[in-house]
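Asker: Make a model of this:
(2 chains)
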Amino acid sequence: MTTTIKEENNNQVVYFDGRLDTTVSMQVQKDVQPLIDNINSDVILDCEKLQYISSSGLRIFLSILKNAKPTGHHVYIRNLNKDLRQVFTMTGFINLFEFQD
Amino acid sequence: MKNRWFNYRSFAARLSIWVILTVAAILLVTAVVANLFVRDGILREEKLRANGALENAEEHIEDVFIAVETAVRNHTSEIKKNVEAPHEEMYRITREIVETNPMIVGSAIAFEPNYYPEEGRYFSPYSYRDMQSKKGTIISKQLGTATYDYPTMEWYQEPKKLKQGYWSEPYCDTGGGEITMTTYSYPLMDDEGNVFAVLTADVSLDWLSQMMDSLKYYPQSYSFIISRDGTFLTHPSKDLVLTENIFSFAKRVNDAELTAIAHDMASGKKDMRRFQSPNLGSSFLFYKPIRRTGWSVAIVCSADEFFHNATQAGLIVAVIILLMLLLLAFILRKGVHHLTQPLVQFTNAVNEVANGNLQATLPKIKTKDEMMRLRNSFITMQKSLTQQMEELKQVNEQKGRIEGELKVASNIQRAMLPKIFPPYPDRDDIDIYGQQTPAKAVGGDLFDFYIRDEKLFFCIGDVSGKGVPASLVMAVARSLFRTLSMHEPHPERIISQMNDRMAEDNELNMFVTLFLGVLDLPTGRLRYCNAGHNVPLLLIENGNVKQKEFLPCDSNLPIGIMGGWKFTLQETTINVNTTIFLYTDGLTEAEDMTHQLFGEERMISAIPFSTGSQEIIKRMTEAVNAFTGEAEQSDDLTMLTIRYTKRQHLVRFQKEITLNNDIEQIPQLTAYVDAVCEAMGFDAATSMQMNLAIEEAVVNVMNYAYPKGVQGDIRILAQANDRRLKFTISDSGTPFDPTMRQAVDTTLSAEERPIGGLGIHLITQLMDSINYERKDNMNVLTLRKKLSPTQPAVNE
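Answerer: Numbering: from 1, shown residues only, chains lettered A, B, ... in the order given. Modelled structure (predicted):
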């Protein structure tokens, strides 16, 4: 699992590649922490290569969102595949985030 | 038309008849009384008249007699003077007497025997009128002969004896041609007072008849005179004269009345009497004595003649009265008809009102009388009726609404009870049937069941009372059961919370008896708690052994009585083909007409083995109905039958792994799950879902089962049969039931969403059931996924 943060078009884009399960969640948490601490623009979470996300992963997504809200910036999820989309639906996360495809 | 008018017409007719009868009666009485008065008056008049006539007659008769007496007495001195004179003088005197008195037909001077010796014994010069001669010659002769010994005769003896004039009894003078005569004899006395001769004058009484005949009082009346001894002196029937005696006549005609009258007449009385005359019929007889001679004269008049005019007048009056009555009848009919015309109209109005038209028009009444009052009363009645019907309509509407609402409530309540049977058609481990028959529109019994996480939660209860209040409490209890059991699998805890909630605000002290059970379907493990409810019956079928026994139950209080009560949990394991029969006291306390109870004995003997739950309830219902017969249902009747029919399915596949409670081992878990899914032939999406679910479950255990720093095992077993894939995750850590965690509210906003809790939520979403058991000091979590029918064959 690799997590990459890039800046594109004045947005912070986080690329997720691989399985975001409980094992790696701690690491991913660390990786995105700088972003969480400093949200100065809209955030895009690119999930094109995200194969799997467990509840720990969802928690990370949620914490990004929670921290972005007060700043007034949006959090977009991009290219989420349909299986994972179902997971988002089940958990109600589908209503929390804005999606870009 | 005739029928409708009939009653009214008979009223008018009756009224008319009454009036006419009364008038007729009055007139009749008046007429009769008047008639009596008139007749009385007539009678009195007639009496006066008759008396007058009689007096007249008497006077005439007396006159005659007085004249005769006078004539006779006038000659006595002359006779005395001529005693010594030649006897020729005597003859002359007698002749003179006869000549000068047309009344006197004969006169004689009868001397004492041998008074004149030269004459012999008898010397009685006698002159009489020759009746046969037309001129009326007077013949003189000697009266006394040998054959006529006059001194012995009454006419000689009496005056001589009495020394005064004497009128003889009238007699018929055969010598002179059948003339009625009477003789007046007067004694001649010498100076010494000795009677020497008797002077007689014979008086014809012919004139008497004539006189009486002319006394024609009424055309049909007649008169008669009787002598001293009752002999008829005059009578219209001439053959009675001098031959018949009134007494013998009366005897002959057998008339007692006449005899009495005769006696009175003979005794010189004067009166008026009624009697039956042989020729005149009912008659009046007026009689009066002729004093001088001792006779009595009577006039007989027929009553008809008297009253002839009165009777005629009476008839005329009667005819007039009749005509008047007819006229009265006619007028009455018309009049009553007219007066009661409004009654007919009222009758019509009443009929109209009866048919529903309250505003029927009433006849106009102009008179200020009873009809007017009737009309006013009628109007009042119309108003009152209209008002009452309005009120009634409202009450009925209200009643209808209430009934409608009760119906709705009944439907709502019925909807609250499970009613789709079989409820789990694709499950083969359980056969459930439940039925409630409320005593009223809504009932106070409840039963409920549902399956959650491979556990069957069921309950049956009875609210104290019935009807609407009980049904409301029932609704609360049921919703509490559902809500609380969603997160609490232990029956005694569910009941405890229900009890605490319902004991608050329980002013009416309504309580609920409840039996609550949780049957773990995979294992047959039954946990239950009985709060004062009827103990369920178990039907155990173990091969050939069939047994009916009661489930052992602690006696806990019913729910709602005392908050904080400690309810006890009981457990048992039931085998396959065991039936749990639950019921309320509506079954055991069903009454028949003699108030006998159905009872547990009958229930036990009626319940059948080896048959489905629905059939059991059907048979029990029939048994109760047969028992109660015509008696009214006194309580709600509720039954729930649960038959545990679990079949062991063939295990197609099995794989297990044991891990440490170390997150780092997740990849191994992933590989394991992938392998299982591969073997099951799941597609990628399903595999991912499995992975997600298992990961969440195992991570939960890893995080919470064992205390920090303690190493522990987690065993994961995957089993598949033809129906489902089951993961059993067990650990020997502290009791931890992940299903007890708070449900996740996925509708909360980002700010509101808690970070935790997602895991269990995901599992619940992804798996068909999640089931926690604490067994043998181990946490056993079972996740099940149903296999679709198109599941490809297992490839191991």
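Asker: Could you say which helix or strand holds residue 65?
Answerer: No chain was given, so I picked chain A. The secondary structure element spanning A:Leu65 is helix A:55-68 (assigned by DSSP states H and E).
Asker: Actually, chain B is the one I wanted.
Answerer: Here B:Phe65, judged by DSSP H and E, is contained in helix B:2-74.
Asker: before we move on, back to that, quick one: is the very next helix or strand once past the helix holding A:Leu65 near chain B?
Answerer: Later in the chain than helix A:55-68, the nearest helix or strand by DSSP H and E is strand A:75-78. No. Contact between strand A:75-78 and chain B is absent, the nearest approach being 8.9 Å (criterion: C-beta under 8 Å from any C-beta of the partner chain). For the C-beta atoms, the positions are set from N, CA and C on the backbone; glycine is no exception.
Asker: How about strand A:75-78, which residues are buried there?
Answerer: Counting neighbours by 16 or more other C-beta atoms under 10 Å in any protein chain shown, one finds that the buried residues in strand A:75-78 are A:Val75, A:Ile77, A:Arg78.
Asker: Run me through the strand neighbours of that strand, direction for each.
Answerer: For strand A:75-78, the pairing partners within the sheet under DSSP bridges are strand A:43-53 (parallel), strand A:98-100 (parallel).
Asker: Okay, the residue in chain A that chain B sits nearest to and B:Ala685: tell me how far apart.
Answerer: Proximity to chain B, evaluated over chain A using C-beta to the nearest C-beta, is greatest for A:Gly92 at 2.7 Å. According to C-beta to C-beta, to the nearest Å, A:Gly92 and B:Ala685 sit 19 Å apart.
Asker: Please state the offset of the host helix or strand of B:Leu326 from the chain centre?
Answerer: Secondary structure assignment for B:Leu326, by DSSP H and E: helix B:303-339. Average the C-alpha atoms of helix B:303-339, do the same for its chain, and the two points are 44 Å apart (C-alpha atoms, centre = their mean, to the nearest Å).
Asker: cool, stretch B:619-636 as well?
Answerer: Between the centre of stretch B:619-636 and the centre of its chain there are 41 Å (C-alpha atoms, centre = their mean).
Asker: and if you look at stretch B:707-723?
Answerer: 90 Å.
Asker: Whether that stretch contacts chain A - can you check?
Answerer: No. Counting by C-beta under 8 Å from any C-beta, chain A is not contacted by stretch B:707-723; separation bottoms out at 13.4 Å.
Asker: Could you give the average pLDDT over that stretch?
Answerer: The average pLDDT for stretch B:707-723 rounds to 89.
Asker: How many neighbouring residues does residue 88 have?
Answerer: All of this refers to chain A. 20 (other C-beta atoms under 10 Å in any protein chain shown).
Asker: Oops, wrong one, chain B.
Answerer: One way to gauge burial is a neighbour count; for B:Glu88, by other C-beta under 10 Å, it gives 11.
Asker: if I look at it, how far off is B:Glu118?
Answerer: 13 Å.
Asker: For the residue nearest to B:Asp173 when sequence neighbours are not counted, give its distance to B:Arg14.
Answerer: In space, and not counting its chain neighbours, B:Asp173 is closest to B:Met181: 4.5 Å by C-beta to C-beta, 6 or more residues apart in numbering or on different chains. Relative to B:Arg14, B:Met181 is positioned 77 Å away (criterion: C-beta to C-beta).
Asker: and if you look at B:Gln654?
Answerer: From B:Gln654 across to B:Arg14, the span is 111 Å (C-beta to C-beta).
Asker: who's more crowded, those two?
Answerer: When B:Gln654 is set against B:Arg14 and neighbours are counted by other C-beta under 10 Å, the residue ahead is B:Gln654, at 14 against 11.
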